[in-house]
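J.: Build me a structure from this.
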Amino acid sequence: LSVAPHAAARIVTNDPATGVFALQKASPLREDDFEALPDSHFSLLVNDVDRADPEVARLWDVLLPFIPRWRRDDIMVSYAAAGGGVGPHVDNYHVFLLQSRGSRRWSVSLTPVPPHLEALRTDCPDVRVLVPGSFDLDRSWELHPGDVLYVPPRIPHWGEALDDECMTCSLGLRAPPLRDVVLAAADRVATRLGDDRLLEDDPAHLAAAVATAAAASSAASSESSCPPWHGIDHAKISDAFVAAAAKEVARCFEDIEHDVILAVGETATAPRRERPPPAVGPKRARRDVARFLDGSDPRVEALEVPSAEIIVHGRAAAGARAFFANGVTLAVRQEWEHLVLRLSEQRTLTTAEVLGEDGTPEEGFARLLEGLMCDGVLVAVQPEGERASAGTS
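T.: The predicted structure is shown next:
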């Protein structure tokens, strides 16, 4: 899997004499990359294994059924020879470490390290390794097959393989980055404002200033060589204007719950790493959806959301429901909501559920299904013989 196209894999080595960790190679990997590795003190790490292997993806439901699907990031699988590891480090997310083969010793600090206090070794430029002594290792455990260790965000932890059979599955959770949510919400607010909304002086304030200047001018002595506006700093943006602008900007961000819901949904479902191109193109998607909606064509039994994909939903404006997948808001009409909701929650949809009583699904719903198939969010469930002969066009 690590040498497959579009794999997200890397090899990290560590020198037991100096304690230096180094990124030996990152994707794309080749099989001969492994021939040059030492007998010990190296690790191979592969991200998104749950997207490539349905059995690995089942670990989410087996180990963490209490975690909502939209909080699941990926399952990274690592192999390490004896002494191998990636050094003491912190993650920004919750992680559950399942020992699947061999043994590994985990040492952790019980004190979180905030980002501004994270001291990194300068002699490990390609690997984020904490400086020895910048944290205390308070607890240590040896994990064997079936053991799970939970590590909260920003907790220093360090895993060392104890044998040559060490394999660990890291189930990492995701949380939408606050910066991305703020930018997405602000972009929606700005788009709604348009180009014709300007920051203007308060008309009453400007009129008062003009009146004051006119009065001062008429009362000024004819011998005066200085106009009444002498001394004004023409290059300065006044404090009053800035204060008024701040109030206007704050007013734009009132009642933006709808914008925040959409921003959170899109950010939470956005792919974090490059993914392989979808196996289904537009032509194949149109064919499979047509077969699915036909009702009498047994070549497509149902549509389902693959185990590593998600369709997220949440309440939006006026109590309506919004749906998200692949980092975008889906265009779902109210009469389709119950069908897309079933895909989101049950992850499968049958022809009978779509056709209903009148047996005439709308063309727009078919286009929605085709788009989801092209994005890899939906797949057609076909009989065994049909699967074997299916193309990818």
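
J.: Is there a neighbour count for Leu262? I'd like the number.
T.: The burial count assigned to Leu262 is 22, neighbours taken as other C-beta atoms under 10 Å. (Glycine included, C-beta is placed from N, CA and C.)

J.: In contact with the closest residue to it other than its chain neighbours, which residues are there?
T.: Setting aside the residues directly before and after it, Leu262 is nearest to Thr329 in space (C-beta to C-beta, 6 or more residues apart in numbering), at 5.6 Å. Contact partners of Thr329, counting by C-beta atoms under 8 Å, 6 or more residues apart in numbering, are 262, 265-266, 322-323.

J.: repeat that for 7 Å
T.: By C-beta atoms under 7 Å, 6 or more residues apart in numbering, the residues touching Thr329 are 262, 265-266, 322.

J.: Helices of this protein, start to end?
T.: 49-52, 54-63, 178-193, 203-219, 239-252, 257-269, 282-294, 337-345, 351-355, 363-374, 384-389 (DSSP state H).

J.: how about those, which one is nearest Val90?
T.: Closest to Val90 of those is helix 178-193 (C-beta to C-beta; 17.9 Å).

J.: The residue nearest to Val189 when sequence neighbours are not counted: neighbour count?
T.: The shortest distance from Val189 to any residue other than its chain neighbours is 5.5 Å, reached at Cys252 (C-beta to C-beta, 6+ apart). Cys252 is flanked by 14 other residues according to other C-beta under 10 Å.

J.: ok, so of the contacts of Thr329, who is nearest Phe241?
T.: For the contacts of Thr329, the nearest to Phe241 is Leu262 (32.3 Å; C-beta to C-beta).

J.: Let me know the pLDDT of the closest one.
T.: Note on Leu262: pLDDT of 90.

J.: Was I right to think it contacts Ala322?
T.: Yes. Between Leu262 and Ala322 a contact is recorded at 6.3 Å, counting by C-beta atoms under 7 Å.

J.: so who does the nearest residue to Glu370 once chain neighbours are set aside touch?
T.: Of all residues not flanking Glu370 in the chain, Ala285 sits nearest, at 4.3 Å (C-beta to C-beta, 6+ apart). Residues in contact with Ala285 (C-beta under 7 Å, 6+ apart) are 370, 373-374.

J.: how long is stretch 3-16 from one end to the other?
T.: One end of stretch 3-16 to the other measures 27 Å (C-alpha to C-alpha, to the nearest Å).

J.: Now it: average pLDDT?
T.: 92.

J.: what's the answer for stretch 139-156, then?
T.: Average pLDDT, stretch 139-156: 97.

J.: next one: that stretch to chain centre, how far?
T.: 24 Å (C-alpha atoms, centre = their mean, to the nearest Å).
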